[in-house]
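Engineer: can't give you the sequence, but here's the structure:
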């Protein structure tokens with residue numbers, strides 16, 4: 001997966017081609033893109049993944065590249081994960097992101113009306 005095509009759209013935000021061959025999506029400055037952690041940003045086939053202390057997997061390079069291209073132009077990304085139900089996991093995930101060049105992004109388990117795109121390995125598109 002290569003980096004996303006992104007163009008500045010005046011002061012309204014950015015035009016993002018999330019999928020080649022499709023029309024661009026206007027991502028406003030108030031919007032954010034949600035990325036699931038386990039199975040989407042980080043591999044979930046590591047030893048002990050489903051057992052305490054629930055170790056974090058290695059990064060998935062394609063998603064890492066996609067996120068870096070969004071962050072490079074200033075688009076907000078939040079990690080949207082069930083792990084955020086237990087607050088002690090938030091700094092652990094943020095440390096992982098920092099080690100992998102993403103900085104200390106917000107980690108949440110709540111959506112709001114400004115979520116414009118969501119990446120998840122378990123979600124079903126209708």
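Structural biologist: Structure received. Keep in mind the model is a prediction, meaning the values are calculated, not measured.
Engineer: Find the nearest non-adjacent residue to the residue nearest in space to the middle of the chain, please.
Structural biologist: In the chain, the C-alpha nearest the mean C-alpha coordinate belongs to residue 35, at 2.7 Å (C-alpha atoms, centre = their mean). In space, and not counting its chain neighbours, residue 35 is closest to residue 119: 4.9 Å by C-beta to C-beta, 6 or more residues apart in numbering. All C-beta spots, glycine's among them, are computed from the backbone N, C-alpha and C.
Engineer: again, but for residue 47
Structural biologist: Counting by C-beta to C-beta, 6+ apart, the residue nearest residue 47 is residue 55, at 7.7 Å.
Engineer: Could you say which helix or strand holds the one you found?
Structural biologist: When elements are assigned from DSSP states H and E, residue 55 belongs to no helix and no strand.
Engineer: measure stretch 116-126 end to end?
Structural biologist: Its start and end residues considered, stretch 116-126 measures 16 Å (C-alpha to C-alpha, to the nearest Å).
Engineer: Identify the residues contacting it?
Structural biologist: Residues from elsewhere that reach stretch 116-126 (C-beta atoms under 8 Å, 6 or more residues apart in numbering): 18, 25, 27-28, 31-36, 38-40, 44, 63, 66, 80, 111.
Engineer: Separate out the buried members of the residues you listed.
Structural biologist: 18, 25, 27, 31-36, 38-40, 63, 66, 80 (16 or more other C-beta atoms under 10 Å).
Engineer: quick one: which of these is nearest residue 86?
Structural biologist: Closest to residue 86 out of those is residue 38 (13.5 Å), distances taken as C-beta to C-beta.
Engineer: give me every residue that touches the closest one.
Structural biologist: Per C-beta under 8 Å, 6+ apart, neighbours of residue 38: 44, 49, 57, 81, 83, 121.
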